[in-house]
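Trainee: this one's sequence-less:
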């Protein structure tokens, strides 16, 4: 049925099957309360009509009245707890003594053996009801009375709860009944493993239904609003930057090895007392030069002209670098552009790529105290995953399993000896004279990605290799991220977060057994009433439901059963 | 065309009315008569709603704080108007895992697990089915709604497993022996019997309907009632009786499982299956006599000329009533 105009409104409100905040406000305000003290002022018909109208606005307002009438039944289901001990100790004859209703005033009943809540009203509640001023005395007293009965009238709308769309909503897979209905109609719901497109399918006890996980996640998440669009743009920009960096890495390496290796890494390095290599050059300047060299090489012959133009820029540092860069570029750019990488250089490139990727990972592991913003961490992890994918030539979009990624990373890092193993420290000292130390590799990766040693990133990342423990931390991070990754293609903002204002609506009635991890549930049995409790989740009190039931008793189907 | 600015003629008067309207219930702010942009006025009700949401809802129903939080004063009553509906705890994931392990890995009887954790036998079955689905999905590498499940579980009341290694007894989740009130017993019935007659539950059931079974026989836990009876008569003490009961239900369920297995095997042997590259042919023996004398028997296999197709009939409800 078409959604009525002013579905959720504040002027003439009706309660709806929805987690909308308007609805939350309306429930909190006490919409739909029938005050029994007003009963004397209205005819019975008026009272019934009002009750039916209010309750139908909530219970299956999407079902046409005619169809609901066909579903309605006056057979209301209830259960009684029969403790096995009671059944063993008594054969029921004690109930039939005397004139057929037990001998004395105090006789044994199954109720005395009940292990299970609720046994009438809780004490605190009595106080609560008496403290409410707005309710009339009559309503209050009548409600207290009803705490000890089996509230069959609350079961009036039990047949609606049997519908598939209703069960989907009650299992917390959708935020409103209309959304649940749409999920079914769009084929996202299976019953006992078979696709079921009829929202009016009436579940039988034991039926298992399952909703598509993606649909549920997008339904129950926060909305993707313009602000989160910005987030997506940020991710896309980050991915693009990564791509640019990794695409140009080969070229960068070539330029660096040809022109800067000697200035930066002379055969004999100075070593201070802490065992750290001391850069014996102006590092910022070299990197600036290096950047310029790449820039001008990319432009080819036009690069020189661009360099000349750049010498006229007012910025002093840039000017200097540009001049020096132009000098180097003119001499070396042409031949190195065509040079192929040697085998060793290819290996070095792979290692440098991984090393660059590890910058983000190290930021996460070593820099946790400074920035604990979960979104920042997710973002860095996403960037790391992307870079690892580029370094190792594997697909690391959100679908890949964390396990596979970790195992790939581990084998590669072991073969490139990028893990710091405490046991084999001695072998590290005995290294071939021409080979780079791991710290030099890390330094080079930092330079190639455009950081100087005194930049924030370089300081917090450091030059140490990852220890085995740190690698384990990284694996743990990746595993937990795999559960809730940043994925810009999803229809909901990532990482997934629950929809606001949903908490007051979160409950699962007992006739359903739900597994939220797989978005599947079993309809165990029909809802029932038991002492002091009706299982149909209705926001209306006993009297409203009773009046509604009375409305349909004469009008509903004569033969329908639950 | 440039936006038209209302002339000076009506301005004073309309300003006056606007000011008057601002005190009424529908509009909160005075409209500027010289403005051409629509006024972003909020009605009083909307204003109050947002005020309430900002002041209460955002603080009270903060999703990051664990545990349920409902409207009203109670921790388990989602609807402030309806004290007869309670949000009852759900099984925690650890408890579900334990139930699955007990039934599937350890091979315990459903009824003994049901009694130990205080979980309805139907729910025990459902938990096992759902866990099986979960494990299959993990094995197939299908995406799971883990962040969603974590969020929901933090907002729901839960029945938890006692800490392993401790002597704590599991808290019962629900009543395990709830008997539905039978349709025949809802009416009031007067049965005159002599005062000396020992009129029991079984007699009462018979009085309501000839075929109605007494409560003891309609229970899922019949064996438990029998065991309790043995304790009451002094035939066995509690320890003995419960041990015997465990063995009894274990044997019963194993016998049932064997019977079901046999039936399945029988079904399978009736079908001959041939796998080709493209399809699997399943061939079953049928009886020609099923078609009946007129050849329209509903149980016969194949399409029968002249037999009406009910699935295209107008007015008939096409929604299936059950999914096998």
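Mentor: Happy to help now that I have it. Bear in mind that the values here come from a model prediction, so they are computed numbers and not experimental data. Residues are numbered from 1 along each chain as shown, chains lettered A, B, ... in the order given.
Trainee: any low-confidence regions in the stretch 1-150 of chain B?
Mentor: Applying pLDDT under 70 to the stretch 1-150 of chain B flags residues B:1-33, B:38-40.
Trainee: ok, now the stretch 201-350 of chain A?
Mentor: Checking the stretch 201-350 of chain A against pLDDT under 70 turns up A:226-229, A:258, A:260-283, A:294-340.
Trainee: up against chain B, what does it have?
Mentor: Within the stretch 201-350 of chain A, the residues that sit near chain B (C-beta under 8 Å from any C-beta of the partner chain) are A:201-202, A:204-208, A:210, A:213-214, A:216-217, A:220-221. Just so you know, the C-beta spots here come from the backbone N, C-alpha and C atoms, and that holds for glycine as well.
Trainee: ok, residue A:287 - contacts?
Mentor: Applying C-beta atoms under 8 Å, 6 or more residues apart in numbering or on different chains, we find residue A:287 in contact with A:447, A:450, A:451, A:452.
Trainee: please report how far the third one lies from residue A:470.
Mentor: Counting by C-beta to C-beta, to the nearest Å, the gap between residue A:451 and residue A:470 amounts to 20 Å.
Trainee: what about the helices in the stretch 101-250 of chain B?
Mentor: B:110-117, B:121-139, B:146-155, B:201-208, B:215-218, B:222-233, B:238-270 (DSSP state H, counting those that start in this stretch).
Trainee: now tabulate the residues of the stretch 201-350 of chain A next to chain B in a markdown table and tack on secondary structure, distance to residue A:107 and neighbour count.
Mentor: Formatted as a markdown table, those follow (DSSP: H, G, I helix; E, B strand; the rest coil; distance: C-beta to C-beta, whole Å; neighbours: other C-beta atoms under 10 Å in any protein chain shown):
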| residue | secondary structure | distance to residue A:107 | neighbour count |
| --- | --- | --- | --- |
| A:201 | coil | 46 | 23 |
| A:202 | strand | 41 | 22 |
| A:204 | coil | 39 | 15 |
| A:205 | coil | 34 | 12 |
| A:206 | coil | 38 | 15 |
| A:207 | strand | 41 | 20 |
| A:208 | strand | 44 | 20 |
| A:210 | strand | 49 | 22 |
| A:213 | helix | 54 | 21 |
| A:214 | helix | 58 | 15 |
| A:216 | helix | 51 | 24 |
| A:217 | helix | 55 | 22 |
| A:220 | helix | 51 | 25 |
| A:221 | strand | 56 | 22 |
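Trainee: who wins for proximity to residue A:494 among the helices of the stretch 101-250 of chain B?
Mentor: Nearest to residue A:494, of all the helices of the stretch 101-250 of chain B, is helix B:146-155, at 9.6 Å by C-beta to C-beta.
Trainee: would the closest one count as contacting chain A?
Mentor: Yes - contact of helix B:146-155 with chain A (C-beta under 8 Å from any C-beta) involves B:146, B:147, B:148, B:149, B:151, B:152, B:153, B:155.
Trainee: which residues are in contact with the spatially closest residue to the fourth one that is not a sequence neighbour?
Mentor: By that I understand residue B:149. In space, residue B:149 comes closest to residue A:516 once its chain neighbours are excluded; the distance is 3.8 Å by C-beta to C-beta, 6 or more residues apart in numbering or on different chains. Residues near residue A:516 by C-beta under 8 Å, 6+ apart: A:172, B:145, B:148, B:149, B:152, B:153.
Trainee: centre of the chain to stretch B:220-229, how far?
Mentor: 26 Å (C-alpha atoms, centre = their mean, to the nearest Å).
Trainee: burial count for residue B:76?
Mentor: By other C-beta atoms under 10 Å in any protein chain shown, the residues close to residue B:76 number 16.
Trainee: still on that earlier bit, tell me the pLDDT of the residue nearest to residue B:149.
Mentor: pLDDT recorded at residue A:516 is 97.
Trainee: residue A:451 and residue A:470: which is more packed in?
Mentor: With neighbours defined as other C-beta under 10 Å, residue A:451 and residue A:470 compare such that residue A:451 has more, 20 against 17.
Trainee: re earlier: tell me the one of the residues of the stretch 201-350 of chain A next to chain B nearest residue B:128?
Mentor: residue A:208 (11.4 Å).
Trainee: show me chain B divided up by domain.
Mentor: Residue ranges for the domains of chain B, per automatic domain parsing: B:23-60, B:86-176.
Trainee: neighbours around residue 41, how many?
Mentor: Looking at chain A here, since you left the chain open. 8.
Trainee: meant chain B actually
Mentor: 15.
Trainee: over to the one 10 residues further on?
Mentor: With neighbours defined by other C-beta under 10 Å, the count for residue B:51 comes to 10.
Trainee: ok, now residue B:234?
Mentor: When neighbours are counted by other C-beta under 10 Å, residue B:234 comes out with 7.
Trainee: do residue B:88 as well
Mentor: When neighbours are counted by other C-beta under 10 Å, residue B:88 comes out with 19.
Trainee: kindly report the same for residue A:530.
Mentor: 21.
Trainee: check contacts around it.
Mentor: By C-beta under 8 Å, 6+ apart, the contact set of residue A:530 is A:78, A:79, A:80, A:81, A:150, B:178.
Trainee: let's see it at 7 Å
Mentor: A:78, A:79, A:81, A:150, B:178 (C-beta atoms under 7 Å, 6 or more residues apart in numbering or on different chains).
Trainee: scan the residues you listed and report the most crowded one.
Mentor: residue A:150 (21 neighbours).
Trainee: check the closest residue to residue A:3 other than its chain neighbours and give its pLDDT.
Mentor: Nearest non-adjacent residue to residue A:3, counting by C-beta to C-beta, 6+ apart: residue A:178, 6.4 Å away. Predicted confidence (pLDDT) for residue A:178: 96.
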